[in-house]
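**Student:** I need the structure of the sequence given here:
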Amino acid sequence: MIFRLRLFFFFAIGVAVALRAAEPAVSLSNPLTLDDAVRLALERNQRIKVSAFSRGISRANLLAEYGHFEPSLTFQRNYSEDRTPVSSNPLGNATPVNINQLTQVDNYRASLDGVMPWGLSYSLGASAQNQRGTFNSFSNQFVTFGGLSVTQPLLRGFGFGPTLANLRIAKANRGISDWDHRQTVIDTVTNVIFAYNNVLQARENVRIARLSRDLAMQLLDQNEKRFKVGFSADADVTQARARAATREESILFAERGEQNAENQLRQLTGETVFSAAGPALDLTPLPPAAPFAVEPAADLKKAYELRPDFQAARLGLVIHRTTEMLAHNSLLPRVDFVGSYGYAGLDRDFAASRRQVSAEDNRSYTAGVVVNVPLGFTEGRARARAARLSLRQSEADLARLEQDIAVSVARAAGQIETTRRRVAANRAAYDLAKQALDAELKKLRAGTSSTFVVLNLQGELIGAEISFYNSLADQRRAHAAYDRELGRTLAVRHITLDKP
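**Tutor:** Numbering: from 1, shown residues only. Sure, this is the predicted structure:
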């Protein structure tokens, strides 16, 4: 009995695991609103996930540049041995005797090293050296020093500009990564809005295609009845049957378009299963687009402030200017001041030598200049020229982008007005086409019209209805595209990006 219970228990666990594994990785809520679709995209879209890594990477690189100015503890210990041949004549013979002089040196050093923002490198610490050998019968002789050593560039590398250049570049790259990620989110949200409208539009196309087929079948049924009683010709029945068969193909194309549109929306919202025979998404219908106020002059200023690509380009200009400054600074010769100040000690006993340093008995300082001048400055001149041309290129590219933004904002604003007029015109065309078809059907029943004319009017009605619903979807897409061109998509949809 216990064995059977255990067997049933493990069987139940296995079934539960199998059923769980068979579930799709991501399930969309039903019904799915546009806000739900946007939320799922923000949480699960792969492009957004990949883009978010760049923000963390840029911040880590910035932290590394700050760490360049962080002091570091240094401990050094080394031993050296040197044998030097020495010629001597200790017994006063005519022939000299060659002997080897052995020197042994122990070096100890502990210091706090770092770099200041204006280029000064410093080392604050203490050192000790024990030098012994045949010259002093291997007796200990400790030379100690405690104090500060500095190196200050006077030309190349002098000042806050060259020293903080990499930090400024890292800050600019951090800002660029933030703007690039913001652009990715804006593009993804806009694509979700487009895809959501595409699915609704595709479903309207399927409904209209089926309606077209039903109208053709109704006309075929009427013609067959009229043919049986002698009020219609065989050609009328054939025309109606041929048109009904043609409209079956339109349904297949419309259904395929609906499935493709759904898969696109599923991909944007993080879905990983794209079954051709899966259940359709339960989407909430969208209302007609609300009136949209467009102010091209004021909106263009907003676009320059909010567009991520424009702001990223401006930060790129900062990087090129910093690089050019560094290149021009590298044309200067290297002239460095080097110096040290502290106290020294000398004694056979290490503790006594160290006490001389702590008691400040023997002051010790050095001062000097190190000069390094390249003979031709070929590398520096080449780098400076490349940096100058890169800066001019980035300035020209920023001007080009500014012009492109002005054109795209104007085009998007014009598209809003165009879609508004299209909706009004297509609504009127649809109403008139329906009235014309109703009137022609009455004439056909009265025997004063023909099947050919009715079929053509059915086609015009279907075309007008498709155009009307397409213009409604295009109007909603035009509003979303205008928000994207201004860079205000996230603000309109109340989306706040988290810090990495």
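
**Student:** and the chain, what are its domains?
**Tutor:** Domain ranges of the chain: 34-61+167-323+384-492, 74-115+120-154+334-372, per automatic domain parsing.

**Student:** distance between the longest strand seen in the chain and the chain's centre?
**Tutor:** Identified as the longest strand of the chain according to DSSP state E is strand 97-115. Its chain's C-alpha centre and that of strand 97-115 lie 53 Å apart, by CA atoms, centre = their mean, to the nearest Å.

**Student:** helices and strands around that strand, which ones?
**Tutor:** Strand 97-115 makes packing contacts with strand 72-88, strand 121-133 when contacts are defined by 3 or more CB pairs under 8 Å, 6 or more residues apart in numbering; DSSP states H and E. For the C-beta atoms, the positions are set from N, CA and C on the backbone; glycine is no exception.

**Student:** which element follows the strand or helix carrying residue 251 toward the C-terminus?
**Tutor:** Using DSSP states H and E, the element containing residue 251 is helix 234-268. Once helix 234-268 ends, the next helix or strand along the chain (criterion: DSSP H and E) is helix 296-306.

**Student:** buried stuff in that next one?
**Tutor:** Using 16 or more other CB atoms under 10 Å as the test for burial, helix 296-306 gives 299-300, 303-304, 306.

**Student:** closest one of the residues you listed to residue 220?
**Tutor:** Set against residue 220, the nearest of those by CB to CB is residue 299 (53.6 Å).

**Student:** the closest one and residue 477: what is the separation?
**Tutor:** The span separating residue 299 from residue 477 equals 18 Å under the rule CB to CB, to the nearest Å.

**Student:** after the longest helix anywhere in the chain, which helix or strand is next?
**Tutor:** Assignment by DSSP state H gives helix 378-445 as the longest helix of the chain. Next helix or strand after helix 378-445 toward the C-terminus (DSSP H and E): helix 451-486.

**Student:** now that following helix: buried residues?
**Tutor:** For helix 451-486, burial by neighbour count (16+ other CB under 10 Å) applies to 451, 454-455, 457-486.

**Student:** counting by contacts, list what that helix packs against.
**Tutor:** With contacts defined as 3+ CB pairs under 8 Å, 6+ apart, the packing partners of helix 451-486 are helix 165-228, helix 234-268, helix 296-306, helix 378-445, helix 489-492.

**Student:** export the helix or strand just after the third one to PDB, keeping only CA atoms.
**Tutor:** So that's helix 296-306. Note on helix 296-306: by DSSP H and E, the next helix or strand toward the C-terminus is helix 308-329. This file holds the C-alpha atoms of helix 308-329, laid out as PDB (Å, rounded to 0.1, in the frame of the first residue of the first chain):
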ATOM      1  CA  PRO A 308      17.500  61.100 -27.700                       C
ATOM      2  CA  ASP A 309      19.400  60.900 -31.000                       C
ATOM      3  CA  PHE A 310      20.000  64.700 -31.000                       C
ATOM      4  CA  GLN A 311      21.100  64.800 -27.400                       C
ATOM      5  CA  ALA A 312      23.400  61.800 -27.900                       C
ATOM      6  CA  ALA A 313      24.900  63.600 -31.000                       C
ATOM      7  CA  ARG A 314      25.600  66.700 -28.800                       C
ATOM      8  CA  LEU A 315      27.300  64.500 -26.200                       C
ATOM      9  CA  GLY A 316      29.300  63.000 -29.100                       C
ATOM     10  CA  LEU A 317      30.500  66.500 -29.900                       C
ATOM     11  CA  VAL A 318      31.700  66.900 -26.400                       C
ATOM     12  CA  ILE A 319      33.800  63.700 -26.800                       C
ATOM     13  CA  HIS A 320      35.300  65.000 -30.100                       C
ATOM     14  CA  ARG A 321      36.200  68.400 -28.600                       C
ATOM     15  CA  THR A 322      37.900  66.700 -25.600                       C
ATOM     16  CA  THR A 323      39.800  64.400 -28.000                       C
ATOM     17  CA  GLU A 324      40.900  67.400 -30.000                       C
ATOM     18  CA  MET A 325      42.100  69.200 -26.900                       C
ATOM     19  CA  LEU A 326      44.100  66.200 -25.900                       C
ATOM     20  CA  ALA A 327      45.600  65.900 -29.300                       C
ATOM     21  CA  HIS A 328      46.800  69.500 -29.300                       C
ATOM     22  CA  ASN A 329      48.200  69.100 -25.800                       C
END
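
**Student:** now do the buried residues in helix 308-329.
**Tutor:** Buried-residue list, helix 308-329, by 16+ other CB under 10 Å: 308-316, 318-329.

**Student:** what inclination does that helix have with respect to helix 296-306?
**Tutor:** Interaxial angle, helix 308-329 versus helix 296-306 (axes from the mean of the first three to the mean of the last three CA atoms, to 10 degrees): 50 degrees.

**Student:** which secondary structure elements does helix 308-329 sit against?
**Tutor:** helix 160-163, helix 165-228, helix 378-445.

**Student:** what lies in contact with that helix?
**Tutor:** Outside helix 308-329, the residues that touch it by CB atoms under 8 Å, 6 or more residues apart in numbering are 156-157, 161-162, 165, 168-169, 172-173, 175-176, 179-180, 182-183, 186, 303-304, 380, 383-384, 386-388, 390-391, 394-395, 397-398, 401-402, 405, 487.

**Student:** stretch 481-498 spans what distance, first to last residue?
**Tutor:** 24 Å (CA to CA, to the nearest Å).

**Student:** so where's this structure uncertain?
**Tutor:** For the chain, applying pLDDT under 70 flags the ranges 1-29, 86-99, 226-227, 229-234, 236, 275-278, 500.

**Student:** that older thread, dump the longest strand of the chain to PDB, restricted to CA.
**Tutor:** Included here for strand 97-115 are C-alpha records, laid out as PDB according to Å, rounded to 0.1, in the frame of the first residue of the first chain:
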ATOM      1  CA  VAL A  97      96.100  41.400  -8.400                       C
ATOM      2  CA  ASN A  98      92.500  41.300  -9.800                       C
ATOM      3  CA  ILE A  99      89.800  40.700  -7.100                       C
ATOM      4  CA  ASN A 100      85.900  40.800  -7.200                       C
ATOM      5  CA  GLN A 101      84.200  43.300  -5.000                       C
ATOM      6  CA  LEU A 102      80.800  42.000  -3.900                       C
ATOM      7  CA  THR A 103      77.900  44.500  -3.000                       C
ATOM      8  CA  GLN A 104      74.600  43.300  -1.600                       C
ATOM      9  CA  VAL A 105      71.600  45.700  -1.400                       C
ATOM     10  CA  ASP A 106      68.200  45.300   0.300                       C
ATOM     11  CA  ASN A 107      65.600  47.800  -0.600                       C
ATOM     12  CA  TYR A 108      62.300  48.400   1.300                       C
ATOM     13  CA  ARG A 109      59.600  50.900   0.300                       C
ATOM     14  CA  ALA A 110      56.100  51.600   1.500                       C
ATOM     15  CA  SER A 111      54.100  54.500   0.200                       C
ATOM     16  CA  LEU A 112      50.700  56.000  -0.600                       C
ATOM     17  CA  ASP A 113      50.700  56.900  -4.400                       C
ATOM     18  CA  GLY A 114      48.200  58.800  -6.400                       C
ATOM     19  CA  VAL A 115      47.300  61.400  -9.000                       C
END
